[in-house]
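Peer 1: Structure for this input, please:
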Amino acid sequence: MISLLQLGAELGPELVPGPGADFSAKPVTGVHVSELEDPTPYLEGGELLLTTGMPFAKSAALSFAYMKRLGTRNVHAVGLGLGPWLTEVPDHVREAAAAAGIELAVVPDSVPFQHVSRAYWRLAARDDTSNLMDSLGTQTALARAAMRPDATLAVVRGLAQALGGWAAYLPANGGGETVWPASAGALVGDLRAESIRFNKAGVPSAATFEVHGQPVVLYPILVGTRIHGFLCIGSGRTLTKADRQVIMTVSTLLALRARQREVITGTTTALGAVTAKLLLHGQGEAAHMVAEDVGLGELPNRVRLLGIRLSPGDDAGLAARAAARLLPDAGLPVLGAAVEACVLRHAEESLLFLILPAAGLGAGTSGTAETLEENALLGLVGEAATEVSGDLAAALGDPVGLGEIQGNLAVLRQATLKAPAGRLVAVGASEDARAAGWVQALADYPRADLLGTVRAYLAARGTWEDAARNLGIHRNSLRHRISVAGSLLGIDFDDPDVAAHLWLALRREESGTLPR
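Peer 2: Sure, this is the predicted structure:
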C-alpha cells in the first residue's frame with residue numbers, strides 16, 4: 001500500500017505538506033480528481049482527493065461542511081491545487097481538514113494533477129513488483145518445506161510466519177491437526193466444530209467466521225471434489241493480494257500431499273490384498289517374499305483371522321472400522337486400532353478378511369453395557385452408521401501361525417456368514433491347527449531350544465530323568481525350560497489331549513509336512 005509519505009518523497013516540491021504539518025505514513029488507496037461540491041458518491045474511502053478548492057473556497061462554513069463529508073466517507077487526504085481559486089491555504093481550510101481527521105497536502109501552482117496520479121501508479125507498480133518478489137520467495141521456501149519429512153508442519157509454520165499470525169490444518173477424517181504456533185491449539189475445538197459444519201454442508205470455497213472474537217478464514221483442501229481437510233488462518237489483519245497468493249500456494253501443496261497419501265494408501269492396500277490372498281491360499285513363502293519386496297515389513301508369526309460379513313453397497317473400509325465396535329463375545333480382545341492399521345485384507349463376495357497380528361490386539365474384553373446400548377441398531381456409532389448396512393457381523397479366530405490360516409479359513413467363513421447381525425463372535429481353531437501353532441511358537445523362541453526340549457519330554461512320557469538324560473542337561477534345567485514353554489503356550493504338557501495333539505504336530509514338523 002502506498003503512503004502519503006512515499007508519494008511526497010517521490011514528487012518532491014510538486015507535492016508538499018499543508019502549513020505546519022508533515023506527511024504521515026497513512027496509506028492511500030488511490031488518487032481521485034474532483035471539483036464537485038459533494039464527490040463522496042464517487043469515492044470508496046482511503047483516497048487522496050485532488051481539488052483546486054472551488055467547492056469550498058468562498059467561506060469557512062462551506063469548508064467545514066465539505067471536509068466533514070469527506071471525513072464521513074473515510075477519505076484519507078486532500079491535495080489542494082493552488083492557482084485558479086486559491087494562492088495559499090486559508091486557515092479555515094486547514095482547520096476544517098484537521099477537524100475531519102483529513103491530512104492536507106498542497107500541489108503548487110502550475111503543477112498538473114496528472115503528475116500526482118502518475119507518481120502514485122508508478123509507486124504502486126514498484127510496490128506490486130516488490131510484493132510479488134517477496135511472495136515468490138515465500139512460495140519457493142514453502143515448496144521446499146513441502147519436501148521435508150514433516151512437510152505438513154513445515155508448510156503450516158511457514159504460512160503462519162509469512163502472515164504474522166497463526167495457521168492450522170485439520171484433516172477432514174478427524175485425524176490429528178497441525179497447528180502453529182502451539183498457543184493457537186486452544187482454538188482447535190472451535191475450529192474443528194466449524195470445519196465439521198462446513199464439511200457436512202459441502203462448502204467448496206473459502207469461508208470467514210469468528211472464533212473468540214478473532215476473524216478466521218477457512219479454506220477447504222480439495223482433491224477433485226473430495227474435501228481432505230481444512231486450512232484455517234488467523235492473521236489479525238486484512239489479507240493482501242500477495243497474502244492470498246501465498247495461501248493458495250499452501251492450499252495447493254497440502255492438496256498435493258493429500259493426493260500423495262491417497263496414492264500411497266491405494267498402493268499399500270493393493271499390495272496388502274495380494275499378500276493376504278497368498279496367505280489365505282496357503283502360499284506362505286510367496287507372501288513373505290511379496291511383503292519383503294514391496295516394503296510391507298516382516299509378517300507376524302502369530303495372527304488372528306477376522307472375517308466381516310458385508311451387504312451389497314457396504315464400504316469395505318468403513319465396515320472394517322465398524323467391525324471393531326460390534327458387540328463381542330465374552331473374552332474377545334479389543335480390536336481397536338489394529339483393524340484401522342491392518343493392510344492385510346482380502347475381499348470376496350459378501351466377505352472381507354483381515355489378517356491381524358495376534359500381539360497387536362488389546363487385552364481383555366470390549367463387551368460392555370455401554371457397547372450394547374451403543375450398538376442397539378447395528379453395533380455402530382458416528383459416521384460409519386450411515387455407511388454400512390444393518391446386517392454387518394464379524395467372527396474372530398484364535399491365534400494361529402501364518403501357515404495355519406488356510407486350515408482355519410473354511411470354519412471362520414461359515415461362522416462369519418452365520419453370525420448374528422451386530423455381533424462379533426469367537427471362532428476356535430481346530431485342535432490340529434492349534435497344535436501346529438504351538439510348534440511354530442516353540443521353534444521361534446530365541447533364547448533356548450524349547451522345541452527340542454518339549455519333544456524329548458513328550459518322548460519320555462513326562463519322565464524327568466529320562467528326558468534330561470536324553471537332552472544332556474540337568475533335571476532342574478529341564479524343569480525350567482518346560483515351565484517357560486508351558487507359560488509361552490498357555491498349556492499343560494501333562495494334559496493327555498494336549499500332549500497327543502502336540503506330539504502328532506511335532507512328528508509332522510519333523511517329517512516336513514507341517515505348514516510353516
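Peer 1: just the strands in the stretch 351-500 of the chain please.
Peer 2: Using DSSP state E, counting those that start in this stretch, the strands found in the stretch 351-500 of the chain span residues 351-357, 393-397, 400-401, 423-427.
Peer 1: and residue 443, which of those is closest to it?
Peer 2: Closest to residue 443 of the strands of the stretch 351-500 of the chain, according to Cβ to Cβ: strand 400-401, at 9.5 Å. Bear in mind the C-beta positions are built from the backbone N, C-alpha and C, glycine included.
Peer 1: How far does the closest one sit from its chain's centre?
Peer 2: Relative to its parent chain, strand 400-401 has a centroid offset of 35 Å by Cα atoms, centre = their mean, to the nearest Å.
Peer 1: Report the mean per-residue pLDDT for it.
Peer 2: Across strand 400-401, pLDDT averages out at 80.
Peer 1: Tell me the helices and strands packed up against it.
Peer 2: If you count contacts as 3 or more Cβ pairs under 8 Å, 6 or more residues apart in numbering; DSSP states H and E, strand 400-401 packs onto strand 302-309, helix 431-444.
Peer 1: Tabulate the strands of the stretch 351-500 of the chain (TSV), appending mean neighbour count and distance to residue 490.
Peer 2: Output for those, formatted as TSV (neighbours: other Cβ atoms under 10 Å; distance: least, Cβ to Cβ, whole Å):
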stretch	mean neighbour count	distance to residue 490
strand 351-357	21	18
strand 393-397	26	16
strand 400-401	24	14
strand 423-427	20	16
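Peer 1: And these: which comes nearest residue 35?
Peer 2: Of all these, strand 351-357 comes closest under Cβ to Cβ, at 79.7 Å.
Peer 1: Now that closest one - C-alpha only, CSV.
Peer 2: The C-alpha trace of strand 351-357 is given here as CSV (Å, rounded to 0.1, in the frame of the first residue of the first chain):
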residue,chain,number,x,y,z
LEU,A,351,-17.0,-61.3,2.9
LEU,A,352,-13.9,-59.3,4.0
PHE,A,353,-11.0,-61.0,5.7
LEU,A,354,-8.4,-59.2,7.8
ILE,A,355,-5.2,-60.9,9.0
LEU,A,356,-4.4,-59.2,12.3
PRO,A,357,-1.2,-59.6,14.3
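Peer 1: just checking, what packs against it?
Peer 2: helix 241-280, strand 302-309, helix 316-323, helix 337-341, strand 345-348, helix 405-418.
Peer 1: how many neighbours does residue 316 have?
Peer 2: 14 (other Cβ atoms under 10 Å).
Peer 1: which of the strands of the stretch 351-500 of the chain has the lowest average pLDDT?
Peer 2: strand 400-401 - the lowest mean pLDDT of those, at a mean of 80.
Peer 1: That one pairs with which strands, parallel or anti?
Peer 2: Looking at strand 400-401 with DSSP bridges, its partner strands are strand 302-309 (antiparallel).
Peer 1: Pull the residues that contact the partner strand.
Peer 2: 319-320, 323, 335, 339, 350-359, 361, 391-402, 405, 408-409, 412-413, 415-417, 419, 437, 440-441 (Cβ atoms under 8 Å, 6 or more residues apart in numbering).
Peer 1: My understanding was that residue 37 contacts residue 55; is that so?
Peer 2: Yes: using Cβ atoms under 8 Å, residue 37 makes contact with residue 55 at a distance of 4.6 Å.
Peer 1: Name the residues contacting each of the two.
Peer 2: Taking Cβ under 8 Å, 6+ apart as the contact rule, residue 37 and residue 55 both touch residue 66.
Peer 1: So for those two, which residue has more residues nearby?
Peer 2: residue 55 (19 against 12).
Peer 1: helix, strand or coil for that one?
Peer 2: Assigned by DSSP: H, G, I helix; E, B strand; the rest coil, the conformation of residue 55 is coil.
Peer 1: could you pull out the helices for the stretch 151-300 of the chain?
Peer 2: Per DSSP state H, counting those that start in this stretch, the stretch 151-300 of the chain carries helices over the ranges 151-163, 188-201, 241-280, 284-293.
Peer 1: Which residue ranges of the stretch 1-150 of the chain form helices?
Peer 2: So, for the stretch 1-150 of the chain - with DSSP H, counting those that start in this stretch - the helices run 4-11, 60-72, 91-100, 113-145.
Peer 1: Indicate which one of these is closest to residue 181.
Peer 2: helix 113-145 (16.0 Å).
Peer 1: What's the mean pLDDT across that closest one?
Peer 2: Mean predicted lDDT for helix 113-145 stands at 70.
Peer 1: Need the winner for burial among the helices and strands packed on strand 400-401.
Peer 2: Ranked by mean neighbour count under mean count of other Cβ atoms under 10 Å, the helices and strands packed on strand 400-401 are led by strand 302-309, which reaches a mean of 25.
Peer 1: Can you check what angle separates it from strand 351-357?
Peer 2: On the basis of axes from the mean of the first three to the mean of the last three Cα atoms, to 10 degrees, strand 302-309 is oriented at 160 degrees to strand 351-357.
Peer 1: low-confidence ranges in the stretch 101-250 of the chain?
Peer 2: Counting by pLDDT under 70, the stretch 101-250 of the chain shows low-confidence ranges at 126-142, 145-146, 174, 198-205.
Peer 1: swap the cut-off to 90 and go again
Peer 2: 120-165, 167, 170-250 (pLDDT under 90).
Peer 1: Redo the strands of the stretch 351-500 of the chain as JSON lines? Include distance to residue 306.
Peer 2: Below are those laid out as JSON lines (distance: least, Cβ to Cβ, whole Å):
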{"stretch": "strand 351-357", "distance to residue 306": "4"}
{"stretch": "strand 393-397", "distance to residue 306": "5"}
{"stretch": "strand 400-401", "distance to residue 306": "12"}
{"stretch": "strand 423-427", "distance to residue 306": "9"}
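Peer 1: and stretch 463-475, how far from the chain's centre?
Peer 2: The answer for stretch 463-475 is 60 Å, by Cα atoms, centre = their mean.
Peer 1: per-residue confidence averaged over it?
Peer 2: Stretch 463-475 comes out at a mean pLDDT of 91.
Peer 1: List the buried residues in that stretch.
Peer 2: Buried residues in stretch 463-475, defined by neighbour count with 16 or more other Cβ atoms under 10 Å: 467-468, 470-471, 473.
Peer 1: Mind telling me which of the helices and strands packed on strand 400-401 the model trusts least?
Peer 2: helix 431-444 (a mean of 75).
Peer 1: Isn't residue 57 up against residue 84?
Peer 2: No: counting by Cβ under 8 Å, residue 84 is not a contact partner of residue 57; they are 9.4 Å apart.
Peer 1: of those two, who's got more company?
Peer 2: Using other Cβ under 10 Å as the criterion, residue 57 and residue 84 rank with residue 57 on top: 18 against 12.
Peer 1: Please report phi then psi for that one.
Peer 2: phi -70, psi -20 (degrees, to the nearest 10).
Peer 1: how's the chain carved up into domains?
Peer 2: 2-121, 146-260, 300-429, 432-511 (automatic domain parsing).
Peer 1: mind putting those in JSON lines, distance to residue 270 included?
Peer 2: Output for the domains of the chain, formatted as JSON lines (distance: least, Cβ to Cβ, whole Å):
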{"stretch": "domain 2-121", "distance to residue 270": "56"}
{"stretch": "domain 146-260", "distance to residue 270": "16"}
{"stretch": "domain 300-429", "distance to residue 270": "10"}
{"stretch": "domain 432-511", "distance to residue 270": "28"}
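Peer 1: closest to residue 269 out of these?
Peer 2: domain 300-429 (6.2 Å).
Peer 1: Work out which residue lies at the spatial centre of this protein.
Peer 2: residue 171 (3.3 Å; Cα atoms, centre = their mean).
Peer 1: Mind listing the residues bridging to that one?
Peer 2: Beta-bridge partners of residue 171, as defined by DSSP bridges: residue 229.
Peer 1: quick revisit: restricted to helices, list the buried residues of stretch 463-475.
Peer 2: Of these, the ones assigned to helices by DSSP state H are 467-468, 470-471.
Peer 1: Before I go, just wanted to say thanks for your time.
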